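Undergrad: One predicted model, sequence on top.
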Amino acid sequence: MNKLPELIFNISKEGKVGYSFSPVPATFTDDMIALDGEYRRNDMEDFPQLSEVEVVRHYTQLAQLNHSVDSGFYPLGSCTMKYNPKVNDTVASLDELSCHPYAPISTVQGNLEIMKTLDEWLCKITGMGGFTLAPAAGAHGEFTGMKIIRKHLSDKGDPRKIVLIPDSAHGTNPASAHFSGYEIKEIPSNPDGILDVETLEKYLTPDVAALMMTNPNTLGIFEKNISKIAEKLHANGSLLYMDGANMNAFMGIVKPGDLGVDVLHLNLHKTFSTPHGGGGPGSGPVGVAAHLVQHLPVPVITKTNDGYHAAYFNKGIGRVKNFYGNFLVMVRALAYIMALGKENIRKVAEDAVLNANYIRKNLEDVLNLQYSSKTLHEVVFSDKGLNVKTLDIAKRLLDFGIHPFTVYFPLIVHGAMMIEPTETESRETLDEFISVMRAILKEAQEDPEKLTSAPHNTPVRRLDEVLAARQLVLRWKKTEEK
Amino acid sequence: MNKLPELIFNISKEGKVGYSFSPVPATFTDDMIALDGEYRRNDMEDFPQLSEVEVVRHYTQLAQLNHSVDSGFYPLGSCTMKYNPKVNDTVASLDELSCHPYAPISTVQGNLEIMKTLDEWLCKITGMGGFTLAPAAGAHGEFTGMKIIRKHLSDKGDPRKIVLIPDSAHGTNPASAHFSGYEIKEIPSNPDGILDVETLEKYLTPDVAALMMTNPNTLGIFEKNISKIAEKLHANGSLLYMDGANMNAFMGIVKPGDLGVDVLHLNLHKTFSTPHGGGGPGSGPVGVAAHLVQHLPVPVITKTNDGYHAAYFNKGIGRVKNFYGNFLVMVRALAYIMALGKENIRKVAEDAVLNANYIRKNLEDVLNLQYSSKTLHEVVFSDKGLNVKTLDIAKRLLDFGIHPFTVYFPLIVHGAMMIEPTETESRETLDEFISVMRAILKEAQEDPEKLTSAPHNTPVRRLDEVLAARQLVLRWKKTEEK
Amino acid sequence: MKYFPLTDSDREEIRKLLGIKETSELFSDIPGDKSYYPTDDLPSAVPENELIDGFKAIARRNTFPGYKSFLGGGAYNHFTPEVVKYLSTKGEFLTPYTPYQPEVSQGSLQAMFEYQTMMTMLTGMDVSNASLYDGGTAAAEGVLLALRKARKKNTILIAKNLHPEYIEIIETYMRDLVEYKSKYVDFDPKTGTINPDELEKIVCDDCAGFIFQSPNFLGVAENSKRISEILHAKNAFSIQTITEAMSLPFMTAPGENGVDIVVGEAQSFGLPLGYGGPYLGFMAVKEDFIRQMPGRLVGETRDIDGKRGYVLTLSTREQHIKREKATSNICSNEAWCALRAGMYLATMGKAGLRQISKTNHLNAAYFVKEVSTFKHVGVKYIRNFFNEVVLEVKNMSIDEFTGKLEKKGILAGIPLKWFFKELESAVLINFTELHKKEDIDCLIRAIGELQ
Amino acid sequence: MKYFPLTDSDREEIRKLLGIKETSELFSDIPGDKSYYPTDDLPSAVPENELIDGFKAIARRNTFPGYKSFLGGGAYNHFTPEVVKYLSTKGEFLTPYTPYQPEVSQGSLQAMFEYQTMMTMLTGMDVSNASLYDGGTAAAEGVLLALRKARKKNTILIAKNLHPEYIEIIETYMRDLVEYKSKYVDFDPKTGTINPDELEKIVCDDCAGFIFQSPNFLGVAENSKRISEILHAKNAFSIQTITEAMSLPFMTAPGENGVDIVVGEAQSFGLPLGYGGPYLGFMAVKEDFIRQMPGRLVGETRDIDGKRGYVLTLSTREQHIKREKATSNICSNEAWCALRAGMYLATMGKAGLRQISKTNHLNAAYFVKEVSTFKHVGVKYIRNFFNEVVLEVKNMSIDEFTGKLEKKGILAGIPLKWFFKELESAVLINFTELHKKEDIDCLIRAIGELQ
Ligand SMILES: Cc1ncc(COP(=O)(O)O)c(C=O)c1O
Ligand SMILES: Cc1ncc(COP(=O)(O)O)c(C=O)c1O
């Protein structure tokens, strides 16, 4: 009853077949095999063998175990889980777009046009001088951006050593900077949850290459000193990197390029509504100020009178990704921007921020708000003063068919509950979330056990993550289950 | 918790928009409207208004409430709930097939070729002289077939009055015959569950137009006297109609045309694996013996040297369906037959019958089998001797994620449980079904309440059908729910 | 073969269990030689990749997609949002059957209940069923419903400007029901519509009802209100057929005009042209017809915990209970098409339907306005059309006309001489929202060049 | 705008609740004039129908689909069964995010666990992660993993016949990590492969590992076994890259050859060419690398009722916990691609993969056999290729050669002079199961005509 689907390995049986494809031509006999014995494989022991219907049932049943944007509210903070328009999938699956990446440039002008157009439009939205679409995700964009900064500084003869990162930053920021060869120094935010110019100044030694700043930051607060900060950095010969993964909060309101940002990345799979795919693929284009364009990774799409080209810059950081990047994700993002048009880009941010503030207003009397600054696209509450933990509230939400907020991040908020509703949620959905949250908080007082033992209605109940890490079963093995 | 989705009318809100389409050209002004005021509609009060994400969530959530062939075992007897190959949906959705039915014949040769090929192959499979693909479903095929019989007899000057139908027949048979202007006489089956030649003879008066016989019948038993029966009928100037909805049981084994059948229909949505769509669309082609081809309804596809044509027979019964019938269902059926090929058509029947017999063998010690004749594609048990009813067992099956068999049909079996596994079920699935059935039957003895109060784990529990018929709420109304 | 999950060893073990050596023994009741494969003359199994390639090759033999088409006449090319395509093809909707077990079918059932409701809203009627085969058979079912309901009355009046195929189907359905009669009501060739005064004269005492179409096959709205009044005065029923459901959001609802039974084709709501099917027959009626109505009905009820749920209801009207006394022989219907239509309606919503439906009308109106300056052709009915107009050609035969346009890549319309002697030199031209202004201009230009 | 569910009155009411008049007040912390729309120079909103038409028009500007293509080199055109397309695009798989809440993500998690298992089976390794960005970045991650694991050793050897783009990416990744060094290992131009004896001479004491590709970029299998032995003898790791995952079912598993780290590109498993992405980087390693491994891992566990379930595990390696000390900066990865690859593998199954993979090889072998009679061209490495071969052109420049074939509608292959000076007059030609014998014959004929 309510059984979980078996592992495919346990459904598998010798002799079952789930594919059908033209047989090898009869004249292509085994003696044509040109591979020496030592290179030939004899068997694929235990490899699954299923009939088509079994494959379909298996994955149909698995699909039903997933919460998804398509099935319900998913206010996972910092992830911008907005609705992914179906029409984008349709255009991305046009057969004619699916060309070979080494096809002669003259035969793929349509694809190059798509990339060039997206590049230009992202420039218009952000005010940057040029973009690379190569990075596969946000973190990859950060890495690429930091490489660009390093290249810029190296070319000037001083790569410098240190990257400053506020304590509210996403974990990818320090990791990406580290993989670019930098040492990380964390700077504290002020009591308003943002970075002070004075604090920055204290850290601003000559070997600071850059500040990596998420804006709005992971508290959902706009770094309002940003222009000042940029000035200070520039005066020190340092650069300002903006993590633009939260661009949903202010696109169409102001262009980061106008605020002094030198390098930024965007997350197409967040702000530009390409589906998150259970964890990817994403796309993390990097925009740079005009003087840094020469350092973009290869290839860069250019346009001349005789069409589109792929250019290879000598002063670039080299290659960060195979081919052109996650092209089919770019297609979706472009379709999304086209559907919005200039009329609606700003409205995305407006509605996203209205929704976040609506939640804040309706829960701030029952949940602790560590920072009272203005909320943009997301609001972060704390479990301070509650007799249950953030995790318990999160797990209890599952029982109501609502995906929890992001938990315990940012680290500077005690028991953080990071709620990002996005603009694609209706007020009715927000109202339901609010009333469920209030009900749960009431339960927390009256019957905390309901929360600590939650979830109760999910396909599996609370899973033991410690056990998973201790026993480390990372693959099925025959002996184990049969 | 585990809430069912709201009705869309309750999600709807003034001002929400879920579509986007080019606006009316600016120069097309309202004064161009050529409709007098009395013909113009002012409002569509209460009509739903939803945003796109709300539509997607609504139907995604609804989808999860459905049991389907894609999600699990569905041994609904008489319905041949076999797996519907996805590739068939792909070919049926090729844009180029979706032509206008009044397109000039020269512009739709591909479509005509598809229909003609299907027609020819159905002839080869059944041994009939010709097919019409027009009927929309099995019952519509029966109606068409009976009309053909009536036309044939009328043209001979004697339409006759009576159609004989065995007591095991599907309800559509008498209804279809009735709508063709016939009076129905029911004939009893013998203790082996089939029709005796002697019994038939008793009913075979001069005003008998035809016998409508399902073969294999709804007990899953082959009417082995069929050739004799055909002879007797023909000798009486009557015709033999075979309901071929159960053709899954013996396609590729013998051709009905070789057994003396004059008219039959097939259910493409059963035997030929087109998806059942929650109750349709289907397609119920009718095959006739050579001398009846002239009576087929219009249009009939023909082929000459200069291509394919749509012919209109003078001696036909006229038109039964708009245009050519359910074309996209035919496309799927043809794709299915092509994928099977001559090698596998017979194997369909073989595996379907093996599976039904496997179930019979594994349950006949615990369930009453009213007829002991050989089982073909389905087996019908009775609830005789049990202390619970068929319905209770059926409802309890739901708790195990298995769709019940057909209940209380055929009528001649007490508390019938009509189980048709089809050839697209694995032995593992059958084994699970068998063990669940045995467990339920054990429960029936030990804890019958578990059954009579079942289901327990479904999105809703046992629904009150009597209340539904008494209160008759057939549509949402504003006042009622808001 | 990937569709068969049994392996050879499964088969062997099952045979062993059954105590047989050969599977053919299971078929021993069937006459004929079991070693002989009766389908040997079919082609061999086609692998999946070749199957797709093969169908693409056949599809390319259709040249239709290369034309600009203005064909309508009961099958209309409308826009379908991508969400509708995506949602309706989910296996969970496509692969169940009739919801005989409502507890595990609430998805289909609730969607159907919503469809029923939206159809009643659009038609202004009390009740809608959950689908019939198509417009033509729905018309026939509508006629039979009126006859059943009227009891002693045995005659049906049929408008001659009802879709010709619908008339053919009604005739097929009625032919052998010897207790019933039909009579035709001519339309006025000048207006293209039924003249109510003429109708009034024809309605007889044994008339059960009158079936007409509005907008009719010539594209023109009938005066359903007057017609219904005339019929009601004689205790007969008014049966309105609609082939272009897209007219509903723009035009007065039949229910407001007093119509008793509305039947028709709802292909326009999200179903592709599909070379004519599967489409979606609909029927909506006044409350007191419910128990005589054909087709499935979904009703609301409660489960034993009091939770709201949906079930098929009033199945005592249906063949599986009532057998030959059923209100119809229909069993499998067009459930999925109705589900998809419901998705379409919910997605387009009030605003979308109003905009699309208005665009249809204005596109037709624009054409009518523009061609009014031509001398060699003329629009026959210049008011009260919805999205189809009849164009008379004065300077050449209709075959020449359509032939010349076809050479220019245009399928201009349906030659009405196929169906009406009196309209030998006319075509029926359809406009939908998918015709851009340029498309219409292109048609107008092409017609202009035939001067 | 249909993507926004808030209505104007919702917005108004929310503003009222928040005590503001204009939404722009919410942005008062942001510098700049809020009445100014900074994106005014973008085009206007495009309705859905025009959006689709527009993309179709752009797509038609790609003439690539009209050619017979024999391009490979890290991106391969393989067959994907329809079930895989259908299942992988279900919204339930496409629209969730990283399964941070495993209780409502068992679908993705179990599928990922199954993917991990199948990848270990195919590679013969102990553990596979749940995806990396692509083959090239996976190669870079493989190098970094070896360096981390080797601790005191700081040099990586790189085979020159590794995919040139992969080399570029490794260089980008390593460039600024000043503590690390790289050295190149040449291949023998006669065999196209690394000469193990030469390698043996090069492997130094500070070598952490050697990264090579097999089948290499010239299509030829390397002697991974010998290579691994040589490395192990020097306490260094053997890192095998695979760009054509379809070779795995046909060729000896890296694990059997003693390889320590396998990285590569699994696009061949059900992902479209897609103009180069998204693809699927994979990494499979021996057990003792687990804790240094980058990328997500799904592990099995139990819930509080003892029921089996899956969770992301060992996340202490990851950036969101370890920040700059993490084993990688990767967060979003290619989860959906891995899910789809898993579906592909499950659908094709053992028999399907073996057949397809063999067909790939035999198609290439057929070509090699047939062109062996030509004098003006010659296959450079006639044994131990999988599905790619290097063809040397002797009677004209390579641009002339590919140009002439392009005129005949054939994209014959990748000119190797793009990457290797020493292979100025050669192309890399790829064959997959999607090339029919006729296609190969057509290529052979066309080449023959260039004599
Ligand atoms: C603020 C911020 N920066 C960076 C990232 C990393 O992006 P990705 O997951 O695409 O690598 C994320 C999301 O995970 C984020 O929210
Ligand atoms: C034996 C038999 N005959 C006729 C029918 C009627 O077919 P349909 O539902 O397609 O009208 C069915 C199925 O419902 C059936 O099983």
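TA: Here it is on my side, so go on. For clarity, every value in this text was computed on a predicted model and none was experimentally measured. Ligands and ions are numbered 1, 2, ... in the order given.

Undergrad: what about stretch A:142-155, average pLDDT?
TA: With pLDDT averaged residue by residue, stretch A:142-155 scores 97.

Undergrad: what does stretch A:368-381 give?
TA: The model assigns stretch A:368-381 a mean pLDDT of 96.

Undergrad: any bit of that stretch sitting next to chain D?
TA: Yes: Stretch A:368-381 is in contact with chain D by C-beta under 8 Å from any C-beta of the partner chain, via A:373-374, A:376. Glycine gets a C-beta too; all of them are placed from N, C-alpha and C.

Undergrad: Could you list the residues in contact with the helix or strand containing residue C:232?
TA: With secondary structure defined by DSSP states H and E, residue C:232 is part of helix C:224-233. Applying C-beta atoms under 8 Å, 6 or more residues apart in numbering or on different chains, the contact partners of helix C:224-233 are B:38, C:194, C:196, C:199-200, C:203, C:207, C:209-210, C:212, C:214, C:237-238, C:240, C:252, C:254, C:256-260.

Undergrad: C-alpha coordinates for it, CSV please?
TA: Output of helix C:224-233 as CSV, limited to C-alpha atoms (Å, rounded to 0.1, in the frame of the first residue of the first chain):
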residue,chain,number,x,y,z
SER,C,224,-33.3,31.5,-33.0
LYS,C,225,-35.5,33.5,-30.8
ARG,C,226,-38.3,33.9,-33.2
ILE,C,227,-37.9,30.3,-34.3
SER,C,228,-38.1,29.0,-30.8
GLU,C,229,-41.2,31.1,-30.1
ILE,C,230,-42.9,29.7,-33.2
LEU,C,231,-42.1,26.2,-32.1
HIS,C,232,-43.1,26.6,-28.6
ALA,C,233,-46.4,28.0,-29.7
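
Undergrad: who's in contact with residue A:128?
TA: By C-beta under 8 Å, 6+ apart, the residues touching residue A:128 are A:122, A:256-257, A:261, A:264, A:287-289.

Undergrad: excluding its backbone neighbours, what's nearest whichever residue of the stretch 151-300 of chain C sits closest to chain D?
TA: Closest to chain D within the stretch 151-300 of chain C is residue C:270: 13.6 Å, counting by C-beta to the nearest C-beta. Of all residues not flanking residue C:270 in the chain, residue C:344 sits nearest, at 3.0 Å (C-beta to C-beta, 6 or more residues apart in numbering or on different chains).

Undergrad: Filter the contacts of helix C:224-233 down to just the buried residues.
TA: The neighbour-count criterion (16 or more other C-beta atoms under 10 Å in any protein chain shown) marks C:194, C:199, C:203, C:207, C:209-210, C:212, C:214, C:237-238, C:240, C:252, C:254, C:256-260 among the contacts of helix C:224-233 as buried.

Undergrad: filter the residues you listed by proximity to chain B?
TA: The overlap between these and the neighbours of chain B (C-beta under 8 Å from any C-beta) comes to residue C:252.

Undergrad: So which of the buried ones among the contacts of helix C:224-233 are in helices?
TA: residue C:199 (DSSP state H).

Undergrad: ranges for the strands of the stretch 51-200 of chain C?
TA: C:68-69, C:127-128, C:155-159, C:181-185 (DSSP state E, counting those that start in this stretch).

Undergrad: What is the third one packed up against?
TA: Judged by 3 or more C-beta pairs under 8 Å, 6 or more residues apart in numbering or on different chains; DSSP states H and E, the packing partners of strand C:155-159 are helix C:135-150, helix C:164-175, strand C:181-185, strand C:207-213.

Undergrad: model confidence over the second one, on average?
TA: When you say that, I think you mean helix C:164-175. Mean pLDDT, helix C:164-175: 97.

Undergrad: Next, the angle strand C:207-213 makes with that helix.
TA: 160 degrees (axes from the mean of the first three to the mean of the last three C-alpha atoms, to 10 degrees).

Undergrad: got a list of contacts for helix C:164-175?
TA: B:147, B:179, B:181, B:297-298, B:317-323, C:74, C:135-137, C:139-141, C:143-144, C:156, C:158, C:160, C:180, C:182, C:211, C:213, C:217, C:241, C:243, C:418-419.

Undergrad: got the residue ranges for the helices in chain A?
TA: So, for chain A - with DSSP H - the helices run A:8-11, A:52-63, A:86-92, A:109-126, A:138-155, A:172-179, A:197-203, A:226-235, A:327-363, A:390-398, A:427-446, A:448-452, A:465-471, A:478-481.

Undergrad: Can you give me the buried ones in the helix holding residue C:232?
TA: Applying a neighbour-count criterion of 16+ other C-beta under 10 Å, one finds C:224-228, C:230-231 buried in helix C:224-233.

Undergrad: Can you give the distance from it to the centre of its chain?
TA: On the basis of C-alpha atoms, centre = their mean, to the nearest Å, helix C:224-233 sits 25 Å off its chain's mean C-alpha point.

Undergrad: Return the residues in contact with the closest residue to residue A:164 other than its chain neighbours.
TA: Nearest residue to residue A:164, sequence neighbours excluded (C-beta to C-beta, 6+ apart): residue A:211, at 4.6 Å. If you count contacts by C-beta under 8 Å, 6+ apart, residue A:211 has them with A:163-165, A:187, A:200, A:229, A:233, A:238-241.

Undergrad: Any idea what residue A:211 is bridged to?
TA: With DSSP bridges as the criterion, residue A:211 is bridged to residue A:164, residue A:240.

Undergrad: where does chain C have its least confident helix or strand?
TA: Taking mean pLDDT, DSSP states H and E as the measure, the helices and strands of chain C show their lowest mean at helix C:319-322, namely a mean of 82.

Undergrad: which non-adjacent residue is nearest residue A:214?
TA: Nearest to residue A:214 is residue A:243, by C-beta to C-beta, 6+ apart, at 3.9 Å.

Undergrad: Over to residue C:45?
TA: Setting aside the residues directly before and after it, residue C:45 is nearest to residue B:341 in space (C-beta to C-beta, 6+ apart), at 2.9 Å.

Undergrad: Neighbours of the one you found, how many?
TA: By other C-beta atoms under 10 Å in any protein chain shown, 16 other residues sit near residue B:341.

Undergrad: repeat for residue C:208
TA: Residue C:208 has 26 nearby residues by other C-beta under 10 Å.

Undergrad: so it touches residue C:238, yeah?
TA: No: taking C-beta atoms under 8 Å as the definition, residue C:208 is not a contact partner of residue C:238, at 11.0 Å.

Undergrad: okay, now the residue nearest to residue A:334 when sequence neighbours are not counted: neighbour count?
TA: The spatially closest residue to residue A:334, leaving aside those adjacent along the chain, is residue A:118, at 4.6 Å (C-beta to C-beta, 6+ apart). If you count neighbours by other C-beta under 10 Å, residue A:118 ends up with 24.
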